[in-house]
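Asker: Based on what follows, work out the 3D shape:
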Amino acid sequence: MVKTAELDIDKGQKISIKDEELASLRKAAEFNTICNEIIPKSITEIRRLSSRLSSYPRVLKKEDFERTVLTMVYTAYRAAQSQGHQKDTWAESFVNLYKALKNDLMLPYNKQPS
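Answerer: Numbers count the residues shown, from 1 in each chain. Next up, the predicted model:
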């Protein structure tokens, strides 16, 4: 049996693991720090990240890639919770992050000699 951890995002946008046993693990503490202190949570910060990623000249470090994926998850959540213009803004930010990560994944193939 595989145990999955549900996440909770409160009104202040703090992310936490619901399962107390899983939340007590060291890796969960690292996850908590990354989600609540490192990944961007505002549209402005996420747009800045997308802009930096779109012009990044080499493959991302593993940590940066993982953090960007977590930012995408957060952005998708915010898009799902929003309506109207806000939903469009969050969705556009999600797509921009997706394009930046896709570009990062394709970089090794694009630099191969013809």
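Asker: for the protein, longest helix please?
Answerer: Counting by DSSP state H, the longest helix found in the chain is helix 84-110.
Asker: for that one, packing partners?
Answerer: Packing partners of helix 84-110 (3 or more CB pairs under 8 Å, 6 or more residues apart in numbering; DSSP states H and E): helix 43-54, helix 62-81. Every residue, glycine included, has its C-beta placed from N, CA and C.
Asker: Give the buried residues for the first one.
Answerer: Okay, so that is helix 43-54. Within helix 43-54, the residues that count as buried by 16 or more other CB atoms under 10 Å are I46, R47, L49, S50, L53.
Asker: cool, and stretch 13-22?
Answerer: Taking 16+ other CB under 10 Å as the basis for neighbour counts, the residues of stretch 13-22 that come out buried are I15, S16, I17.
Asker: cool, and stretch 72-89?
Answerer: Applying a neighbour-count criterion of 16+ other CB under 10 Å, one finds M72, V73, Y74, T75, A76, Y77, R78, A79, T89 buried in stretch 72-89.
Asker: can I see the domain layout of the chain?
Answerer: The record's domain parsing of the chain by automatic domain parsing lists 1-38, 41-114.
Asker: Geometric centre of this structure: which residue is closest?
Answerer: Compute the mean C-alpha point of the chain, and by CA atoms, centre = their mean the closest residue is T71, 1.6 Å away.
Asker: Identify the residues contacting it.
Answerer: Listed by CB atoms under 8 Å, 6 or more residues apart in numbering, the contact partners of T71 are I39, P40, I46, L49, L97.
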